[in-house]
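[1] fold the stuff below for me.
(2 chains)
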Protein chains: 2
Amino acid sequence: MKSALEAIYHIRCEAGAIEERARAIAVEQSVEMPVAAIEDERVLREIVGEVCAIRELGNGLFEARIALNAQTTGHDAGQLMNMLFGNASLLEDIVLHDAILPPETLAAFGGPRQGIAELKARVGAARRALTCSALKPQGLPSTALADLARRFAQGGVDYIKDDHGLADQAYSPFVERVEAIAGALRSGGYKTRYVPSLTGDLDRLRGAITIARGAGIDTVMLAPMICGVSNMHAVARENPDIAILAHPALGGAARIAPPLLIGKLFRLFGASAVVFPNYGGRFGYSRQTCKALARASLDRWGAMRPAAPVPAGGMKLQRIPELLDFYGHEVMLLIGGDLLAARERLVDETKAFVTCVERYAYG
Amino acid sequence: MKSALEAIYHIRCEAGAIEERARAIAVEQSVEMPVAAIEDERVLREIVGEVCAIRELGNGLFEARIALNAQTTGHDAGQLMNMLFGNASLLEDIVLHDAILPPETLAAFGGPRQGIAELKARVGAARRALTCSALKPQGLPSTALADLARRFAQGGVDYIKDDHGLADQAYSPFVERVEAIAGALRSGGYKTRYVPSLTGDLDRLRGAITIARGAGIDTVMLAPMICGVSNMHAVARENPDIAILAHPALGGAARIAPPLLIGKLFRLFGASAVVFPNYGGRFGYSRQTCKALARASLDRWGAMRPAAPVPAGGMKLQRIPELLDFYGHEVMLLIGGDLLAARERLVDETKAFVTCVERYAYG
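    This next block holds a predicted model:
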């Protein structure tokens, strides 16, 4: 098959049945019909998925590598997801483990227009890890969120993202919130970037970007599995000067290996930074998963810029040295709740966070 | 909490830990921060999620009902998904089982603009179940797909949908395909409806609808979990005369109970008909899941029109009586591969399908 992409599945299956199962998945993810009923020679030769390799991983788990014609994606992000895992997501006991994409697919999507180097350059942090915190809880009025942002900025944090629960709600409407928070940072002369969360259909995403631009904002957040990967790719394509933080909401349960979904595919579709649940926090990702995800977002991949891995989810200040040992300085550390819990000492705790990252000596 | 929506989770947990676990989920899905750090009284009273009830389901499984303020959704479909399961999707051992939404949320989304009654009226099938088949394999040129459509129409099928793998690919570009297939049906004077599959971002969805309208088409298909539920809702809102078939691709693995995701939420966001994997076919849904899903799509729910349940996925002609016994006549039966496998007898087999449905006597 020329110009193939390769989908790598992990399948729980009896050893005697794995070959047939892999062939069935190759058919499901390509022509989705009985192969015997296909008369067209070109379809049989070029479109029907091919099982390239099967290997046993142990404990009844097998890896099947299946080649699919890259033409089937039509260079649309959603259609790429569909080809990799559309119907297979409905099958039991299958995980989409990885995907190997041909150079023209990488070039067509293009990856982040602003990568981790650009995120660092904006805040003058070329030689250290980035710091990030979060504005919450939702329900606060915009003025209270702006006050919180000002205090985080006083503490010297690089990026302040909206809680991903913040959308366009009556208690802090998007326009009002963005102007209040961006205004607070601007008037204080801080280099700190505010990263508003964008929600809704593509029209609303675009409208939100126009508002954000108007307020001098150059970084935004969205959740690709909620807003649709094609919409995220459109936003990335249309706004090459804007950096995009991708939030994993709704993506964790998709039985797609997180290093692939969050590390590779979100990056492919234009994310500058990818938020994910760190090991040892409130979520269940392992150290191994987190390491693989961070590597996937940073590794050399075609001509694509590296995206910043952003471990998050119940992180504590005292873990910073451990996390920097683990991730190195090509990372954006996101600590939200632990700083907010400091209440009246929030500025000091934020300073402690920033100082710890700045002074960390890489061994 | 006034104007609450209720999310119902199934949680695998030790009996001694379930209360704390449920509270943690209520916090995760609302304010996502330590509650002790929240100073705003209104946020504590109105925004922090509340555990309303916990009951044991047996075998270490518990049901927790959690009330969330409906204001948090900002009446956006994606944000509703986010509030129901955004971060919780990243937690292990939690299924979003059901959701109870307040009347103003139902009214804000509005459900299908064309329901099952309208789908039936278009093809003069008020008193029987609907029939549907699928155009595949992808890779065929548009002329071959049009020829296939003509033969399905000769057999008298009501609806012919694109395979969900058909997008905007070089071998059958969307514009060319739609014109070829719609033209073939129009010139034959068939009442059969062609249902093209729409893909891409919202611009491309809108462009595709304009093309489809131009070809006289009044029903389209899209995959909400790929294109984004907010985009589907925008399409439904902007095109009240167009019926929408929702395809479950990428939706099956989301650890959201299929009756909720496919039966209720897709309907809420505007689907006229919801495709799902039928029991006893290639996929693992149980009879009970399929029945609950069909009920959710049809049951009285606010002022919303019922959506047609569309069981599919490896269905055979000989199962029609069984399926009509099971689903009744408020259903659209979708048989693709089994008809295509008939090859030169495709028209006859399609006639047999249609006749069997027409003659079926409800007991």
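[2] give me the contact list for stretch A:9-24.
    Outside stretch A:9-24, the residues that touch it by Cβ atoms under 8 Å, 6 or more residues apart in numbering or on different chains are A:25, A:51, A:54, A:56-57, A:60-64, A:66, A:88, A:93-97, A:257, B:282. C-betas here are computed from N, CA, C, even on glycine.
[3] if you set the cut-off to 10 Å instead, what comes out?
    For stretch A:9-24, contacts defined as Cβ atoms under 10 Å, 6 or more residues apart in numbering or on different chains pick out A:25-26, A:29, A:35, A:48-57, A:59-66, A:84-85, A:88, A:91-99, A:255, A:257, B:282.
[4] so how far is that stretch off the chain centroid?
    Once both centres are worked out by Cα atoms, centre = their mean, to the nearest Å, stretch A:9-24 turns out to sit 30 Å from its chain's centre.
[5] who's A:Gln169 bridged to?
    On the basis of DSSP bridges, A:Gln169 is bridged to A:Ser172.
[6] do I have it right that it meets B:Thr72?
    Yes - using Cβ atoms under 10 Å, A:Gln169 is in contact with B:Thr72, at 6.3 Å.
[7] what is in contact with the two at once?
    Counting by Cβ under 10 Å, 6+ apart, the contacts common to A:Gln169 and B:Thr72 are A:138-139, B:47, B:79.
[8] on that earlier part again, now the contacts of stretch A:9-24: which count as buried?
    A:25-26, A:29, A:35, A:48-52, A:54, A:62-66, A:84-85, A:88, A:91, A:94-99, A:255, A:257, B:282 (16 or more other Cβ atoms under 10 Å in any protein chain shown).
[9] in TSV, list the shared contacts of A:Gln169 and B:Thr72 along with neighbour count, pLDDT and distance to B:Phe326.
    Output for the shared contacts of A:Gln169 and B:Thr72, formatted as TSV (neighbours: other Cβ atoms under 10 Å in any protein chain shown; pLDDT from 0 to 100; distance: Cβ to Cβ, whole Å):
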residue	neighbour count	pLDDT	distance to B:Phe326
A:Gln138	27	93	44
A:Gly139	25	94	46
B:Ile47	23	94	43
B:Gln79	28	94	36
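[10] closest to A:Asp163 among the residues you listed?
    Ranked by distance to A:Asp163 (Cβ to Cβ), these are led by A:Gln138 at 5.8 Å.
[11] and the next helix or strand past the strand or helix carrying A:Leu84?
    Following DSSP states H and E, one finds A:Leu84 within helix A:77-85. Per DSSP H and E, the first helix or strand lying C-terminal to helix A:77-85 is strand A:94-100.
[12] show the model's pLDDT score for whichever residue of the stretch 201-350 of chain A sits closest to chain B.
    Closest contact between the stretch 201-350 of chain A and chain B, by Cβ to the nearest Cβ, is at A:Gly228 (2.8 Å). Among the per-residue scores, A:Gly228 holds a pLDDT of 95.
[13] hang on, it packs against B:Arg204?
    No - judged on Cβ under 10 Å, A:Gly228 makes no contact with B:Arg204 at a distance of 11.0 Å.
[14] the more surrounded of the two?
    When neighbours are counted by other Cβ atoms under 10 Å in any protein chain shown, A:Gly228 and B:Arg204 differ, and A:Gly228 comes out ahead with 33 against 21.
[15] skip the chain neighbours and tell me the closest residue to the more buried one.
    B:Gly228 (2.8 Å; Cβ to Cβ, 6 or more residues apart in numbering or on different chains).
[16] look at A:Gln169 and B:Thr72 and report which has more neighbours.
    B:Thr72 (25 against 22).
[17] mind checking pLDDT for the more buried one?
    B:Thr72 is assigned a pLDDT of 92 by the prediction.
[18] check contacts around A:Ile209.
    Counting by Cβ under 10 Å, 6+ apart, A:Ile209 touches A:196, A:198, A:217, A:220, A:222, A:235, A:238-239, A:242.
[19] quick one, phi psi at it?
    phi -70, psi -40 (degrees, to the nearest 10).
[20] can you pull the pLDDT of it?
    For A:Ile209, the predicted pLDDT is 98.
[21] phi first, then psi, for A:Leu5.
    Dihedral angles (degrees, to the nearest 10) for A:Leu5: phi -110, psi 150.
[22] partner residues bridging it?
    In beta-bridge terms (that is, DSSP bridges), A:Leu5 pairs with A:Leu68.
[23] that one contacts A:Thr105, doesn't it?
    Yes - the pair A:Leu5 / A:Thr105 is scored as a contact, 6.2 Å apart, by Cβ under 10 Å.
[24] the two: which has the busier surroundings?
    Legend: neighbour count by other Cβ under 10 Å for A:Leu5 and A:Thr105, higher for A:Leu5 (21 against 18).
[25] how about the spatially most central residue of chain A, what does it touch?
    Of all residues in chain A, the one closest to the mean position by Cα atoms, centre = their mean is A:Val274, 3.5 Å from it. Taking Cβ under 10 Å, 6+ apart, we find A:Val274 in contact with A:112, A:224, A:244-248, A:258, A:261-267, A:293-294, A:296-297, A:307-311, A:332.
[26] overlap of the contact sets of A:Leu5 and A:Thr105?
    Contact criterion Cβ under 10 Å, 6+ apart; residues shared by A:Leu5 and A:Thr105: A:70, A:73, A:80, A:99.
[27] please report how far the second one lies from B:Gly60.
    For A:Thr73, the distance to B:Gly60 under the criterion Cβ to Cβ, to the nearest Å works out to 42 Å.
[28] and for the third one?
    Distance of A:Leu80 to B:Gly60, computed by Cβ to Cβ: 38 Å.
[29] what segments of the stretch 151-300 of chain A are strands?
    Using DSSP state E, counting those that start in this stretch, the strands assigned to the stretch 151-300 of chain A run over residues A:159-162, A:193-195, A:219-222, A:243-246, A:273-277.
[30] format the ones you listed as a markdown table; extra columns: mean pLDDT and distance to A:Arg21.
    Putting the strands of the stretch 151-300 of chain A into a markdown table (pLDDT from 0 to 100; distance: least, Cβ to Cβ, whole Å) gives the following:
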| stretch | mean pLDDT | distance to A:Arg21 |
| --- | --- | --- |
| strand A:159-162 | 98 | 42 |
| strand A:193-195 | 98 | 43 |
| strand A:219-222 | 98 | 36 |
| strand A:243-246 | 98 | 32 |
| strand A:273-277 | 96 | 30 |
